[in-house]
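Enquirer: okay, sequence plus prediction incoming.
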Amino acid sequence: MAGAEMKLRRIEVKDFRKLGHVVIDDLGDGLNVIVGDNEAGKSTLLAALRAALFERHRVGGAAAAAMQPYNQSVRPEVALEFERDGAIWNLRKAFCQRQEAQLSGNGERYTGDAVEDKLAEMFGFTPSSSGGTKPQEHHGVFGLLWVEQGMSHRQLGIGAGRNHLASALEREIGQVTGGERGRALLSAAEARRDQFWDKRGNPRGDFKSLAGKIEDDRQQLADMNRQMAEHDERVNRLAGIQNILARYQRDDTLEVLRKRAAAAREAFAAVSGLEEALRAAESSAERAKLRHEASVARNATRQKLIADLAADLGASESARLAREEASATLARLDAVAAQAATRLDKMVEAERAATARLRGMEQALARRQAAQAVARLTGQLKLAEEADEARRKALALVQGATLTAEDLAALEKLERGVEQARMRLEAASVRITLHPSAGQAAQVGGKPVGAELSLSRDTTLVLEGFGEIGIHPGGGTEELARAADQSAQALESALRRLGLADIAAARAALRQQDTARAEVKTHGATVAALAPNGIEALRQELVRNALLAEGGEAQAVEPADIEAARRASVEIEAQLRGAEVELRERRNAVEAARRELAVLDERVSVAETRCARLREELASARATADDRLLDEEVERERQAFQAANEARDAARAALAGADPEAKQIALKQAEQSEREIEADIRRLDVEKREIEAALRALGKDGLGEQLALLEGQITAAEAKLKSVALEAEAAKLLHTTLADAQRETKDRWLAPVRERSAPYLRLIQADSDIVLHDETFEIEQLVRNGVAEPFGALSVGAREQIAVITRIALADILREAGQEACIVLDDALVNTDEARLERMHLVLGKAAQNQQVLILTCRERDFLQLGAPIRRM
Amino acid sequence: MAFRFLHTADWQIGKPFGSIPGDAGAELRSQRIATIGEVARLAAARNVDAVLVAGDAFDSNEVQDRTILRTLDALKPFSGRWIFLPGNHDAALAHSVWSRLRQMGPEENIVIADRPQLIEGWDGRAVILPAPLTRRRESLDQTEWFDTAATAEGAIRIGLAHGSVANRLPGAAEASNEIPDNRATTAGLAYLALGDWHGSLQIAPRTWYSGTPETDRHRANRSGFVHIVELDGPDAPERVEAVPVSHYRWHQVEAEMLDGTCNAGLDALAELEADAARRVVSLTLKGGISLAERYQLGIELEKWRNRFHHLDVDDAGLFEEPTDDDLDALDSSGFVRLAVERLKAQAANNADPQAAAARVALRMMYVDHMNGGR
């Protein structure tokens, strides 16, 4: 395939669908904007372009019909001028009627079908063998780069352009993918891996169950080995039993033991007779002992009875003697007590006389003291009564007084008011000093006046020799004079009310009252001193003493005499008390003697009764057996006892000599051995039978065979597992290796696309990446900021932007591989918002630096800023 | 005065062949009894005086009752005396396959030689001196009593024992159950019939192993025979005829592929083509081959697997060495090529823990490729 660049220069269309005649020429190298609304047939222009390049001029049927204007039959014509490798080519095709094709350029010229062949060769597409063409099947790279209106947001639809693209990439990186076969191998490897491993990488299926089975088998083997060990143990035990039984049989053990036991039994029977004899001797000795003890006891009882009677007779005699003695003592004590009573009576008499004498002397002394008291108390009473009289008078005076210290204070206050009023008036009055000439006088109101005058009211002064002078004091003297009069009247009326002449009288009356109060106090003290308990009490004391003094004749008695008489009386009383005590003691002694006598009486009586009873008992006992008979019996039993003891000792010695313990032990041992061995044989027999039965049961199952079989199976399974594990490992490795290789290859494969698209992408979206399918080159994902989004999930606007950028990038790759083709975009960015559109203009501008880009649009305004030549249809 | 008998041993009936799965293993198990039937028929045909079984008639004391009964049935064609010596596999323990067999009430002609006692009969022509094992491993020589055992004048003394012969069978010789190599001489035996070694072999003067009548392992030891022995008198030389009776033939084949093809391995198998269904083959493959050859080998081995009674392949020593043709067949370019290169590098690097897995992975990829990727 020839690599070449291609640029459209001129397009002329005639009678193609709705286009009548359109010429677009002077198309530049970079961006070209062709404006025409949809009605104007903007998209038809692209269809015409395609028809010229890719449809056979002889095409008929639907494809041809589609070129005709609606309901017309004309001759659609398309003429193109394009530049390829610097040479200008002209292509002209007419369809439907008088079909025609011409191609000339670079000194070559083709007509008819040769035109189509040449075009296919030049642009590397596959002409349709018949009928119309489809962009994705027949248009080569133009199918990729010429985008119809309304298709731009769809997948690229690479179609036949793929091969061009693949070879372009191949040229660049020198490698192709594994292709269909590679993918088949990968999926086979995946299936293999899944056969061994589950999603989490754990063994599954046969691989897993094989390991499980081995584990189970090992478990079972362990069980069987254990059973086998038990089995062997039993066999060993059985061998042991058989050995023992054989030995018993060989040695005739049981019979030997039986004989030995019989001999032991005989020896033991002989010893048993001696034992019986000993037991009889012991028993009779015991009986003799009891009989001897009984006879001794009987004799002792008799002796005691005799002794008791003798003792009681003695006791009875001594009790009688004691009683007689006690009786004599009582009589003596009675006499002594009578003497003491007589002595006491005398002492009572003497005491009475002494007391009477002392009382007489004391009364005489009391009367004399009373007479002296009467004299003293009489004086004292007179003085007290006088003082009391004086006190009572002063008290009456105090109680009669009406003037109080407050009254006096009120009077003094009024007096000071009178004085003040007078002094104010005087100060306000007119002072007139008169200096009459010799002997001439002055009068007021007819009364003469002194040299000094003080006038407080209108006054007419009559001066001798002169006449009258009217004096009128000014400024309120009138008022002051009235106040002075009122004060004087108030004092006057207060004095009158108190019945006093003046204030001095009031002060005197008050002083008199104070004096009377002092007297009341003084006389009261005097009375209290003379009669501390009151005058009446003093008077009664006087009366009492007077009576006392008058009671009897006065007797001259000295206090010393009285003291002597009192001492004598006390002494006699003391003697009296002594006599009383002595009498009481004598009588107590008599009483005690009397009680003792009663006791002794009782004792004598008891002793006599006892003696009588014992005497009777003894007599009765002796009547049965007399004392000598008892003595004989004791001696007889003692001898029998001694004989029995000797017989017993002899039996005991005989038994000890026969060594019964040894005989008994020997017998016991012999019998026990016989029993033990018998039991052992029986036990062993039973056990042997049991083991044999158990082993027979086990044998049926062929444990040994099973065990060996299982061991072999485990060995085989382990080998199998080892090989399966290796296969599993290999399957995993194969898949991993293939998948890794595919991913790496794919990464490398698509790297150029990523690199080419990156500069454009940066203009609209920072940090993003387009991921294409490695086979179809369709857009799979857009990775933005590391987040992958499927193409189909993007917004329509984003899709058309990404698709346009991808086409531009692929165009770059193709161009660099010598497969240049212009890009035609028919309203490819209608879903793009204004801000993005501006960015996309930058993209288009950048693409146009290396590439011819034709933009068909009905929105002229959108492309005004693009700075590209604008042509209108 | 001549005495003719059949000497056999190591039947190991009940041996399970657990490592050979499925029907193949089961058939090996049942064949061991079937072969005993053949032995019985042979004994009857040759009209022998007795059959001496020198131990290990059973693989274990704990075989199934059914196994014992079927064995007894197999003995029926020969009505002469069968003399069974307990060996190490079926030692005469307190409870053993022999005690069980006795309780099953065997025919009169079945003799269990579980005591070191003379077995007489045959009109005094011969006497059998058995050395039964009453434990799996005896540390003392059980044949010692042969030397002092008195027998009637003119009777042929035939020893019957199980174990290894001292100083004679390296590798097989164990410390236990050892038999002196001059016992036949010291005991004046005309023939010492031994069991334990599975091949037919004269190990010392007048001292023979008959081997197992039905081969049971891959070992080139002349197994699969019984001995028909004729003794003309107590001192006459023994005449021994080894008669093949084994149904299955066991082969151990090793092939090294040096030319990059699998021909060496396939050729080795082709040599065993005759009577293939009776062959139990263990094939060990070594060397390096291309993926294409490896693929082909797999297909061929599968065919052989179906033809042989059993084929066991050990290909641990076989390395895939992908050739350029292999790789081109897989894919000349693209990521598959990259993956192949990587796996190849891994497979070639023995230090890589996944080297083996990488080799298998390559083979798998090739298979997938040949299968059209499935």
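Expert: Noted; the coordinates are in hand. All of these numbers come straight from a predicted model, not from anything done at the bench.

Enquirer: what's the distance between the residue most central in space within chain A and residue A:734?
Expert: Nearest to the mean C-alpha position of chain A, by CA atoms, centre = their mean, lies residue A:200 at 44.9 Å. Look at residue A:200 and residue A:734: by CB to CB, to the nearest Å, they are 19 Å apart. In this view, the C-beta of every residue, glycine as well, is placed from N, C-alpha and C.

Enquirer: again, but for residue B:63
Expert: Residue B:63 is 47 Å from residue A:734, by CB to CB.

Enquirer: tell me, how many residues neighbour residue A:687?
Expert: Number of residues near residue A:687 (other CB atoms under 10 Å in any protein chain shown) recorded here: 14.

Enquirer: what about the closest residue to it other than its chain neighbours, which helix or strand?
Expert: Once flanking residues are discounted, residue A:687 sits nearest to residue A:241: 6.0 Å by CB to CB, 6 or more residues apart in numbering or on different chains. Counting by DSSP states H and E, the element that carries residue A:241 is helix A:205-251.

Enquirer: the strand or helix carrying residue A:723 to helix A:205-251, inter-axis angle?
Expert: In this assignment (DSSP H and E), residue A:723 forms part of helix A:703-764. Calculated by axes from the mean of the first three to the mean of the last three CA atoms, to 10 degrees, helix A:703-764 forms an angle of 160 degrees with helix A:205-251.

Enquirer: give me the contacts around the helix or strand that helix A:703-764 is followed by.
Expert: Using DSSP H and E, the helix or strand that follows helix A:703-764 towards the C-terminus is strand A:768-772. Strand A:768-772 is touched from outside by A:750, A:753-754, A:757-758, A:761, A:778-785, A:788, A:802, A:805-806, A:809, with contacts defined as CB atoms under 8 Å, 6 or more residues apart in numbering or on different chains.

Enquirer: where do the helices sit along the stretch 251-374 of chain B?
Expert: For the stretch 251-374 of chain B, the helices defined by DSSP state H, counting those that start in this stretch occupy B:263-270, B:291-307, B:324-330, B:334-348, B:355-370.

Enquirer: dump the ones you listed to TSV, plus mean pLDDT and mean neighbour count.
Expert: Listed next are these as TSV, based on pLDDT from 0 to 100; neighbours: other CB atoms under 10 Å in any protein chain shown:
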stretch	mean pLDDT	mean neighbour count
helix B:263-270	88	18
helix B:291-307	90	17
helix B:324-330	76	16
helix B:334-348	84	22
helix B:355-370	86	23
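
Enquirer: closest one to residue B:146 among those helices?
Expert: helix B:263-270 (46.8 Å; CB to CB).

Enquirer: now that closest one against helix B:291-307, angle please.
Expert: With the same axes, to 10 degrees as the basis, helix B:263-270 and helix B:291-307 are set at 10 degrees to each other.

Enquirer: run the chain-centre distance for stretch A:119-129.
Expert: Offset of stretch A:119-129 from its chain centre (CA atoms, centre = their mean, to the nearest Å): 90 Å.

Enquirer: contacts for stretch A:281-293 next, please.
Expert: Counting by CB under 8 Å, 6+ apart, A:634, A:637-638, A:640-641, A:643-645, A:647-648, A:650-652 sit against stretch A:281-293.

Enquirer: just those: which are in helices?
Expert: Members of the contacts of stretch A:281-293 lying in helices (criterion: DSSP state H): A:634, A:637-638, A:640-641, A:643-645, A:647-648, A:650-652.

Enquirer: show me which of those are buried.
Expert: The neighbour count (16 or more other CB atoms under 10 Å in any protein chain shown) marks A:634, A:637, A:640, A:641, A:644, A:645, A:647, A:648, A:651 as buried among these.

Enquirer: can I get the residues you listed in CSV with pLDDT?
Expert: Below are these laid out as CSV (pLDDT from 0 to 100):
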residue, pLDDT
A:634, 88
A:637, 87
A:640, 87
A:641, 89
A:644, 87
A:645, 89
A:647, 86
A:648, 88
A:651, 84
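
Enquirer: just the closest of the residues you listed to residue A:345, please.
Expert: Of those, the one sitting nearest to residue A:345 (CB to CB) turns out to be residue A:634, at 76.1 Å.

Enquirer: contacting residues for the closest one?
Expert: Residues near residue A:634 by CB under 8 Å, 6+ apart: A:292, A:295, A:296, A:299.

Enquirer: how about the contacts made by the residue in the stretch 1-150 of chain B positioned nearest to chain A?
Expert: Residue of the stretch 1-150 of chain B nearest chain A, by CB to the nearest CB: residue B:18 (2.1 Å). Taking CB under 8 Å, 6+ apart as the contact definition, residue B:18 lies against A:708, A:709, A:710, A:711, A:712, A:713, A:714, A:715, A:716, B:25.

Enquirer: TSV for these, including distance to residue A:606 and pLDDT?
Expert: Compiled in TSV, these are given as follows (distance: CB to CB, whole Å; pLDDT from 0 to 100):
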residue	distance to residue A:606	pLDDT
A:708	119	86
A:709	120	86
A:710	117	87
A:711	118	89
A:712	123	87
A:713	122	87
A:714	119	90
A:715	124	88
A:716	127	87
B:25	128	89
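
Enquirer: residue contacts, residue 323?
Expert: Reading this off chain A. A:597, A:600, A:601, A:603, A:604.

Enquirer: if you could check chain B rather than the one you did, that'd help
Expert: Contacts for residue B:323 (CB under 8 Å, 6+ apart) come out as B:260, B:290, B:291, B:292.

Enquirer: return the member of the residues you listed nearest to residue A:183.
Expert: residue B:291 (20.1 Å).

Enquirer: give me the pLDDT value at the nearest residue to residue A:562 once chain neighbours are set aside.
Expert: For residue A:562, ignoring the flanking residues on the chain, the nearest one in space by CB to CB, 6+ apart is residue A:361 at 4.8 Å. Looking at residue A:361, its pLDDT reads 78.

Enquirer: how far away is residue A:361 from residue A:563?
Expert: Here the distance between residue A:361 and residue A:563 works out to 10 Å (CB to CB).
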